[in-house]
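1. sequence first, predicted model second:
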Amino acid sequence: NRQIVLAARPEGEVEPRHFRLVETPLAPLADGQVRVRNHYLSLDPYMRGRMSESKSYAQPQPLDEVMIGGTVGEVVETKHPRFAVGDKVVGMFGWQEYGTSDGTALKKVDTTHVPLSAYLGAVGMPGVTAWYGLNRIIVPKAGDTVAVSSAAGAVGGAVGQLAKAQGCRVIGIAGGEEKCRYVVDELGFDACIDYKQNNLRDDLKAAAPKGIDGYFENVGGAVLDAVLARMNAFGRIALCGMIAGYDGEPVPIKQPQLLLVSRLKLEGFIVSEHMEVWPEALKDLGTQVAQKTLKYRESIAQGIERAPEAFIGLLKGRNFGKQLVKLI
Ligand code: NDP
């Protein structure tokens, strides 16, 4: 069983030397256990936080242990009454080729209408994140202008499409012309701003002439500063991520007084703390993916040995859509 463990904690940027590939023999299956061959690993920005020791909402990833993470795969051996060989499952086995479990936190999924990999993206944690921040924090009304950063990403792409389906004007913010073109042409956003052009304030003014009522924040830093200046009175901000600061010092908000002046509501959230919405959100997202009204894109790295490099790429914006590692 090939696995990737955390070899060292990064101080700033993540490098390949922070990971190590190891091979561990699989122990025979005990009664009540099930063995899964993982088909895809999910790579997610939150893993960067877990690699550090600093205090956060979750425990740090222990050194020399398999990197945490969501997985999807197929049951290949079972001594568990609830699972049969061939079942497709989503679990949290981390960066390794096989997972062994007593069935806890392992969920069977139906791949008739939804591809297996989508259970790590649009019909998985990132999809629910989009759904929660939009529907429980921003709570958009038809006609509102909703903006979202990292708009070509796993979470951002879903946010915009869900808001559009609710009758909003939707503005994406993403890095580069190609991502912006995709966000408008494929995902159906009304506009998308390339923040790398360094003209955010004017571009936002042009894209959101009536101001912004709801903002789904994935990035922080200069992008958040520019959007704050464009928010309408009583606007709502779902603070989902601040990836611009993950590799170093957190990026401060330049003009926090705008929260007061514009009487904004800003709420941070961690999707795993809102398990009560998951069934409803997953049902909604699954239906929309099956009907192809919710679109998504994937960046797929091939083979477990490519996971570190793909993860580093994700933090640098080299991914285009949900970052996965395909194992078979
Ligand atoms: P994405 O698919 O959006 O990938 C990350 C993207 O972040 C990159 O592609 C890049 O896009 C963008 N990015 C990286 N660095 C910067 C930077 N310095 N400035 C601006 N953009 C940057 O990842 P996810 O959809 O999985 O996650 C999106 C956000 O949601 C993250 O912040 C993540 O931590 C957060 N999240 C929070 C959860 C919660 O419970 N609160 C749960 C899940 C995710 P580009 O090329 O456009 O710059």
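-> Right, received. Where do you want to start? Numbering: from 1, shown residues only.
2. sketch out the low-pLDDT regions of the stretch 151-300 of the chain for me.
-> The stretch 151-300 of the chain contains no residues with pLDDT under 70.
3. cutoff 90 now
-> Residue ranges of the stretch 151-300 of the chain with pLDDT under 90: 247-251.
4. spell out which parts of it neighbour the ligand.
-> 152-156, 174-176, 179, 218-219, 223, 240-241, 243-244, 269-271 (CB under 6 Å from any ligand atom). Any C-beta I mention is one placed from the backbone N, CA and C, and that applies to glycine too.
5. can you tell me the element the closest residue to F320 other than its chain neighbours falls in?
-> Beyond its immediate neighbours in the sequence, the residue positioned closest to F320 (CB to CB, 6 or more residues apart in numbering) is S299, lying 5.3 Å away. S299 belongs to strand 298-302 when assigned by DSSP states H and E.
6. now do that strand: which elements does it pack against?
-> helix 307-315, strand 322-326 (3 or more CB pairs under 8 Å, 6 or more residues apart in numbering; DSSP states H and E).
7. for V36, find the nearest of these.
-> Evaluated with CB to CB, these place strand 322-326 nearest to V36, the distance being 15.2 Å.
8. next, the angle strand 298-302 makes with the closest one.
-> 30 degrees (axes from the mean of the first three to the mean of the last three CA atoms, to 10 degrees).
9. got the contact list for strand 322-326?
-> Here strand 322-326 makes contact (CB atoms under 8 Å, 6 or more residues apart in numbering) with 39-44, 95, 117, 120-122, 126, 153-154, 296-304, 306-307, 310-311, 313-314.
10. equivalent analysis for stretch 297-312, please.
-> For stretch 297-312, using CB under 8 Å, 6+ apart, the contacting residues are 2-4, 13-16, 18-19, 21, 40-41, 43, 47, 67, 95-97, 117, 121, 152, 157, 182, 186, 313, 318-327.
11. can you rerun that using 6 Å?
-> 2, 4, 14, 16, 19, 21, 43, 95, 319-327 (CB atoms under 6 Å, 6 or more residues apart in numbering).
12. and stretch 251-269, by the same measure?
-> The contact list for stretch 251-269 (CB under 6 Å, 6+ apart) reads 137, 220-221, 225, 228, 231, 233-237, 239, 244-245.
13. then stretch 129-140?
-> Taking CB under 6 Å, 6+ apart as the rule, stretch 129-140 contacts 146, 155, 158-159, 162-163, 166, 168, 214, 216, 236, 238, 240, 267, 271, 274, 277, 281.
14. make a ChimeraX selection of whichever of the contacts of strand 322-326 turn out to be buried.
-> Those of the contacts of strand 322-326 that count as buried under 16 or more other CB atoms under 10 Å are selected in ChimeraX with:
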select :39,40,41,42,43,44,95,117,120,121,122,126,153,154,296,297,298,299,301,304,307,310,311,313,314
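15. thinking again about what came up before, so which of the residues of the stretch 151-300 of the chain next to the ligand are in strands?
-> Using DSSP state E, the subset of these located in strands is A174.
16. ok, of the residues of the stretch 151-300 of the chain next to the ligand, which come out buried?
-> Buried among those by 16+ other CB under 10 Å: 152-156, 174-175, 179, 218-219, 223, 240-241, 243-244, 271.
17. quick one on the thing from earlier: mind checking which of the contacts of stretch 251-269 are in strands?
-> Using DSSP E, the subset of those located in strands is 231, 233-237, 239.
18. quick check: phi and psi at the residue nearest to the spatial centre of the chain.
-> Central residue of the chain (CA atoms, centre = their mean): P126, 4.0 Å from the mean position. Backbone torsions for P126, taken as degrees, to the nearest 10, come to phi -60, psi -40.
19. how close does it sit to the ligand?
-> Going from P126 to the ligand by CB to the nearest ligand atom, to the nearest Å gives 5 Å.
20. give me the nearest residue to that residue, chain neighbours excluded.
-> Nearest residue to P126, sequence neighbours excluded (CB to CB, 6+ apart): A154, at 3.8 Å.
21. tell me the contacts of that neighbour?
-> Counted by CB under 6 Å, 6+ apart, A154 has contacts 121, 126, 322.
22. okay but the second one is in contact with G157, surely?
-> No. With contact defined as CB atoms under 6 Å, P126 and G157 do not form a contacting pair (8.9 Å).
23. what touches both of those two?
-> Residues touching both P126 and G157 (CB under 6 Å, 6+ apart): there are none.
24. can you give me the helices for the stretch 201-328 of the chain?
-> Here the stretch 201-328 of the chain has its helices, by DSSP state H, counting those that start in this stretch, at 221-228, 257-261, 278-290, 307-315.
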